[in-house]
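# sequence unknown, structure follows:
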């Protein structure tokens with residue numbers, strides 16, 4: 001007698017399962033399988049596609065959370081057909097799952113080659129996280145040349161120790177003296193009584209997680225600004241071109257780093273990861289967390305990559321300085337002629353809670369100084385970091401007495417400079433180098449209408465942060481309960497991928513598990529009545545399914561319709 005099939009009381013929904021399988025049907029999963037498959041020893045019991053699928057299913061079932069213990073329960077709740085589809089042949093234990101995550105974390109850890117001294121890793125962490133995050137997104141939603149980048153916090157699950165300990169200062173001083181010696185000693189697992197200690201990166205370690213660090217987060221949702229211990233997720237979001245309709249934000253890149261780490265370095269890693277995926281990024285919209293860094297670490301690196309930036313300026317950056325030649329000045333990082341009126345040199349910034357009317361008036365004041373600005377001439381020299389600019393009289397924006405051709409323009413629409421009787425550069429070309437306020441320079445003049453429209457697109461990444469933590473997810477402390485940067489980043493990428501799947505389903509009405517819509521040619525063929533397939537042949541009915549043949553002749557039908565009564569003895573005379 002065959003064994004009775006087990007009936008699952010709470011099986012995994014087919015919709016959730018299909019979404020996870022479709023999202024991970026990507027070439028990078030096959031590459032990961034080849035890179036992480038050893039040529040010696042016993043092979044791994046489960047493939048990486050199986051393990052990643054089980055983890056993603058758990059992230060889809062509980063928005064914003066991903067726990068390894070619950071992922072093992074997901075494997076037990078799969079039906080027989082679902083297990084066969086992802087290749088799950090045996091039982092998935094907690095040790096197998098956590099061991100696989102730990103092995104992938106070790107492969108993504110950067111180490112120095114003892115022979116060459118080159119620092120690298122078997123698996124690029126930034127590329128792996130970016131591949132996971134953008135895996136559910138269809139190809140037609142990935143073609144963006146402008147991206148917005150921002151960082152959001154993830155507090156570690158493990159409690160801090162010794163932040164208020166009086167001996168913390170002594171330990172920090174002792175650790176600083178032996179920071180170089182600690183790099184030669186193999187790390188051991190720290191206990192709560194041993195903390196805080198000085199980490200390998202020279203920063204204090206307050207938790208048992210060796211990579212969690214102290215960082216700063218701004219106040220949101222009626223919470224004050226504060227410090228926290230954990231990590232930062234640097235997320236890149238594609239934004240539509242100027243003038244196009246806004247769409248729901250989807251994460252396209254991710255770099256995971258300790259809290260308080262260099263944001264400019266993380267932002268460049270996100271851009272490089274997108275470039276390796278084939279995205280032609282030519283503009284970024286970032287806040288002051290990136291643009292306020294040193295010019296050599298952010299603005300100069302963007303210039304080398306041929307990328308322009310649209311940024312907000314700090315109050316200390318909105319200043320006026322002398323220009324490189326007489327008759328020119330730097331205002332808010334851009335080059336102007338000194339004929340710029342005094343009242344237009346500092347119209348003010350854009351504070352929070354500013355009314356729409358005040359904002360429009362402020363933008364109009366910034367637009368009034370556009371005619372006095374120098375304009376770009378050609379492409380920059382990426383090697384030298386130089387850029388040529390030409391004066392406003394050549395471009396026809398002002399009337400200069402030293403340029404007779406410009407004086408023939410309408411004085412009602414072109415301001416006239418005060419350059420009469422002195423040398424000026426209104427009609428000349430000036431070359432600026434990387435030391436000429438490159439950090440504050442941008443294509444669109446700060447505060448103008450073009451700048452406001454361009455910088456306003458940065459809100460897409462803020463919208464994604466809200467989706468990740470509130471609307472379509474609940475990423476918070478305790479959502480991920482593993483240690484080290486690599487393992488936490490891997491699970492965070494799966495949570496972010498699950499958020500993308502929900503945004504696609506709710507905002508775009510696109511279920512990635514559903515079949516792709518028919519092309520235009522297929523729709524025309526269906527409308528014409530043709531399917532492009534050969535019609536099915538008429539099948540002969542099986543024997544015994546038709547009407548049965550009679551065994552004898554049919555009964556005889558009388559020719560007369562009169563009803564006769566049979567004769568009896570009583571009727572005889």
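Received the coordinates, thanks. Quick caveat: nothing in here was measured; it's all calculated off a predicted structure.
# What helix or strand is residue 491 located in?
Residue 491 belongs to helix 485-507 when assigned by DSSP states H and E.
# just checking, what packs against that helix?
Applying 3 or more C-beta pairs under 8 Å, 6 or more residues apart in numbering; DSSP states H and E, we find helix 485-507 packed against helix 14-23, helix 48-61, helix 94-107, helix 125-134, strand 226-238, strand 251-258. Just so you know, the C-beta spots here come from the backbone N, C-alpha and C atoms, and that holds for glycine as well.
# what's the distance between residue 197 and residue 203?
According to C-beta to C-beta, to the nearest Å, residue 197 and residue 203 sit 10 Å apart.
# which of those two has more neighbours?
residue 197 (18 against 15; other C-beta atoms under 10 Å).
# The more buried one contacts residue 208, correct?
No. Judged on C-beta atoms under 8 Å, residue 197 makes no contact with residue 208 at a distance of 10.7 Å.
# returning to that earlier point: relative to residue 362, which of the helices and strands packed on helix 485-507 is closest?
Residue 362 lies closest, by C-beta to C-beta, to one member of the helices and strands packed on helix 485-507: strand 226-238, at 26.8 Å.
# pretty sure residue 18 contacts residue 513?
Yes. Taking C-beta under 8 Å as the definition, residue 18 is a contact partner of residue 513 at 3.4 Å.
# domains of the protein?
The chain breaks down by automatic domain parsing into domains covering 14-111, 125-159+192-312+458-507, 320-438.
# Need the winner for burial among the ones you listed.
Compared across the domains of the chain, domain 125-159+192-312+458-507 shows the largest average neighbour count, a mean of 20 (mean count of other C-beta atoms under 10 Å).
# ends of that one, how far apart?
Distance between the two ends of domain 125-159+192-312+458-507: 29 Å, counting by C-alpha to C-alpha, to the nearest Å.
# Please apply the same query to stretch 138-157.
Distance across stretch 138-157, first residue to last, is 33 Å (C-alpha to C-alpha).
# can you check stretch 375-395 too?
End to end - C-alpha to C-alpha - stretch 375-395 spans 8 Å.
# Could I get the average pLDDT for it?
Taken as a whole, stretch 375-395 carries a mean pLDDT of 93.
# would you list every one of the strands in the stretch 301-450 of the chain?
Taking DSSP state E, counting those that start in this stretch as the criterion, the stretch 301-450 of the chain carries its strands at 308-310, 320-322, 328-331, 334-337, 375-381, 386-390, 429-432.
# any idea how far residue 269 lies from residue 127?
Distance, residue 269 to residue 127, by C-beta to C-beta: 10 Å.
# thinking again about what came up before, wait, which of the helices and strands packed on helix 485-507 is closest to residue 424?
Comparing the helices and strands packed on helix 485-507 by their distance to residue 424 (C-beta to C-beta), the top pick is strand 226-238, with 43.4 Å.
# That closest one versus strand 251-258: what angle between them?
Per axes from the mean of the first three to the mean of the last three C-alpha atoms, to 10 degrees, the angle that strand 226-238 makes with strand 251-258 is 150 degrees.
# Adjacent strands (with direction) for strand 226-238?
Here strand 226-238 has these sheet partners by DSSP bridges: strand 146-155 (antiparallel), strand 213-217 (antiparallel), strand 251-258 (antiparallel).
# Please work out the angle formed by the directions of it and helix 125-134.
Using the same axes, to 10 degrees: strand 226-238 against helix 125-134 is 70 degrees.
# How far off centre is strand 226-238?
Chain-centre distance of strand 226-238: 12 Å, with C-alpha atoms, centre = their mean, to the nearest Å.
# now swap in stretch 43-57 and tell me
Centroid displacement of stretch 43-57 relative to its chain, using C-alpha atoms, centre = their mean, is 23 Å.
# what does that stretch contact?
Identification of contacts with stretch 43-57 by C-beta atoms under 8 Å, 6 or more residues apart in numbering yields 12, 16-17, 20-21, 23-24, 29, 32-33, 36-37, 66, 68, 71-72, 74-75, 86-88, 90, 92, 96-97, 100, 104, 132, 491, 494, 497-498.
# Then stretch 456-464?
The contact list for stretch 456-464, computed with C-beta under 8 Å, 6+ apart, reads 146, 148-150, 235-240, 242, 246, 248-251, 285-287, 310, 499.
# What average pLDDT does that stretch get?
In this model, stretch 456-464 has a mean pLDDT of 93.
# OK, contacts around the closest residue to residue 446 other than its chain neighbours?
Using C-beta to C-beta, 6 or more residues apart in numbering and skipping the chain neighbours, the partner closest in space to residue 446 is residue 332 (4.6 Å). Residues in contact with residue 332 (C-beta under 8 Å, 6+ apart) are 313, 317-319, 440, 445-447.
# What separation do you get for residue 332 and residue 474?
Residue 332 is 40 Å from residue 474, by C-beta to C-beta.
# would CSV of the strands of the stretch 301-450 of the chain with distance to residue 215 be doable?
What follows is the strands of the stretch 301-450 of the chain, written out as CSV (distance: least, C-beta to C-beta, whole Å):
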stretch, distance to residue 215
strand 308-310, 23
strand 320-322, 33
strand 328-331, 33
strand 334-337, 33
strand 375-381, 34
strand 386-390, 35
strand 429-432, 35
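# Of those strands, give the one that comes closest to residue 420.
Smallest distance to residue 420 across these (C-beta to C-beta): 13.5 Å, for strand 334-337.
# what's that closest one packed up against?
Strand 334-337 sits against strand 328-331, with contacts defined as 3+ C-beta pairs under 8 Å, 6+ apart.
# who does the strand it packs on pair up with?
Applying DSSP bridges, strand 328-331 is found paired with strand 320-322 (antiparallel), strand 334-337 (antiparallel).
# and the ones you listed as CSV, adding mean pLDDT and distance to residue 381?
Converted to CSV, the strands paired with strand 328-331 look like this (pLDDT from 0 to 100; distance: least, C-beta to C-beta, whole Å):
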stretch, mean pLDDT, distance to residue 381
strand 320-322, 94, 23
strand 334-337, 95, 17
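# Quick one: these as TSV, columns for distance to residue 371 too.
Below are the strands paired with strand 328-331 laid out as TSV (distance: least, C-beta to C-beta, whole Å):
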stretch	distance to residue 371
strand 320-322	17
strand 334-337	10
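# Out of the ones you listed, the one nearest residue 298 is which?
Residue 298 lies closest to strand 334-337 among those, at 17.7 Å (C-beta to C-beta).
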